[in-house]
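Engineer: no letters, just coordinates:
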């Protein structure tokens, strides 16, 4: 089974996590349209306001029901990650989600895989850059990098997504 860990970087300013692509750099329109194709709503939160439904707090995206919340300073990988948590869930379970979408390793892995796939649908992002940003932010995998996991160790995540018609 794949081991993943997701969370905000706690390193000091000037660290690699500062270089990740933020939603404000690509705008809200394209991610909003992408999420809408999966039955989700993206709500822009004003700068400086707390992000509703954010598990990690700070700049991390939040989820409540079928809604994803993000600010301009939210990392794109965070927006996609939280959205993918909702996408992998059956629609009837989405309504019950508030802040924490799963405690399942299988769903977490599928979420990580799908966020990489969906990044290719965001101009200026793409899967290669998203994987770099995931590494910068502090996602960890037993093979050492997001790309190595995605290319060599994600068969369970792929099967999970295929069974549900998501890839």
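Structural biologist: Noted; the coordinates are in hand. Here the structure is a predicted model, which means the values were calculated and not measured.
Engineer: please report how far residue 22 lies from residue 15.
Structural biologist: Distance, residue 22 to residue 15, by Cβ to Cβ, to the nearest Å: 15 Å. C-beta here means a position set from N, CA and C on the backbone, and glycine is covered the same way.
Engineer: for residue 72, same thing?
Structural biologist: Counting by Cβ to Cβ - residue 72 and residue 15 are separated by 20 Å.
Engineer: and if you look at residue 103?
Structural biologist: Taken as Cβ to Cβ, the span from residue 103 to residue 15 is 29 Å.
Engineer: which residues of this structure fall in helices?
Structural biologist: Taking DSSP state H as the criterion, the chain carries its helices at 23-26, 29-36, 76-88, 91-94, 105-119, 126-137, 146-152, 155-163.
Engineer: ok, now which ones touch residue 43?
Structural biologist: Each residue near residue 43 by Cβ atoms under 8 Å, 6 or more residues apart in numbering is listed here: 67, 68, 69, 70.
Engineer: out of these, flag the one nearest to residue 54.
Structural biologist: Of all these, residue 54 sits closest to residue 69, with 7.1 Å by Cβ to Cβ.
Engineer: worst-scoring helix or strand of the chain, pLDDT-wise?
Structural biologist: One helix or strand of the chain scores below all others by mean pLDDT, DSSP states H and E: strand 4-5, with a mean of 45.
Engineer: and the pLDDT at the residue nearest the centre of the chain?
Structural biologist: For the chain, the residue nearest the mean C-alpha position is residue 81 (1.2 Å; Cα atoms, centre = their mean). Looking at residue 81, its pLDDT is 97.
Engineer: so it sits against residue 113, correct?
Structural biologist: No: in this structure, residue 81 is not within contact of residue 113 by Cβ atoms under 8 Å, at 10.9 Å.
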